[in-house]
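Sequence and predicted structure below; questions after.
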Amino acid sequence: MGESPERVRELVVEAVDAAAELVGRPIVAERWNEPSALDGMTVGALAAHTLRAAGSTIAYLDRSDPEASSDGERLTAVTYFHAAVDSPIHERIKEVSADESSIGPQETAARFAALVDDLRARLAAEPTDRAIGALGGRSISLDDFCRTRLIEVLMHLDDLAASVGEEPRPTSPESIAIVVEILFGIARNLRGDWTVMRALGRAERLEGGPVFPVF
C-alpha cells in the first residue's frame with residue numbers, strides 16, 4: 001500500500017461523498033423501509049450503518065489523545081477487522097443500524113452530506129503520523145484506519161446500490177485496489193494461502209465455504 005497519507009485521505013472523502021450522493025437519491029427514500037441486499041437490514045438501516053462507518057473516523061479522532069494513541073503495538077488495516085469481529089458491537093450492528101435509521105431518509109442524507117465536509121477539513125488538518133485509539137486498547141495509524149473506511153464505505157455503497165437498482169457514482173480505481181489488497185490479507189489470515197490460491201484458480205476443489213466471510 002504505497003499511497004501517501006494525503007492521497008489515502010482524499011480517497012476516503014471521495015468514497016464518502018459518493019455514498020452521500022447515493023443516499024440522497026429519491027429512490028433510497030422511497031425504499032427506506034424495504035429489505036436491502038444484506039440479510040436482516042432494510043435499505044434505511046444499511047444507509048444508517050454506512051453513515052456510522054464513515055463517521056467513525058471523526059468519532060475516533062475526537063476521543064483519542066494524539067500523544068497517547070501513538071504508543072504501543074498497532075493494529076493494521078487487516079488485523080483491525082479481526083478485532084472488530086470480536087468487538088461486542090459487532091453482534092448488535094443490525095439492531096443499532098435499525099435504530100439509527102429511524103431519523104428517516106432526509107435527515108440521514110443531510111448528515112451524510114455534512115460529514116463529507118467535516119471529513120475533508122478534519123483529515124487535512126491531521127499530521128501524517130497521527131494514530132488513534134481503536135479496539136481492545138490498541139491503536140491504529142489514522143491512514144490505516146482510513147483504509148478500513150474504504151472497505152466499509154465502498155462495499156456498503158455497492159450493497160446499497162444493488163438494493164435500490166442503481167449504479168453508484170464511479171470512484172478512483174486506487175480505492176478499489178486498496179480494498180482488494182486488504183480483503184486478500186484478511187482471507188489469507190483467516191483461511192491460509194493454499195485456500196486463497198484454490199479459490200482463485202481451483203474453485204471446483206474449494207472446501208469450507210466462502211474465502212471472504214468478513215462482510
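Thanks, I have it.

got the contact list for stretch 33-53?
Residues from elsewhere that reach stretch 33-53, judged by C-beta atoms under 8 Å, 6 or more residues apart in numbering: 19, 23, 28, 31-32, 93-94, 96-98, 100-101, 103-105, 108, 111-112, 115, 149, 152-153, 156-157, 159-160, 162-164. For every residue, glycine as well, the C-beta is placed using N, CA and C.

which of those are buried?
19, 23, 28, 31-32, 93-94, 97-98, 100-101, 105, 108, 111-112, 115, 149, 152-153, 156-157, 159-160, 163-164 (16 or more other C-beta atoms under 10 Å).

Just the ones of the contacts of stretch 33-53 in helices?
Among the contacts of stretch 33-53, the ones falling in helices (DSSP state H) are 19, 23, 28, 93-94, 96-98, 100, 105, 108, 111-112, 115, 149, 152-153, 156-157, 159-160, 162-164.

The nearest residue in space to D158 that is not next to it in sequence: how many residues sit nearby?
With C-beta to C-beta, 6 or more residues apart in numbering as the criterion, D158 has its nearest non-adjacent residue at 6.6 Å, and that residue is P168. As a burial measure, P168 scores 17 neighbours (other C-beta atoms under 10 Å).

and P168, which of the three is it?
Secondary structure state of P168, per DSSP: H, G, I helix; E, B strand; the rest coil, is coil.

cool, L183 as well?
helix.

That one: neighbour count?
L183, neighbours per other C-beta under 10 Å, totals 18.
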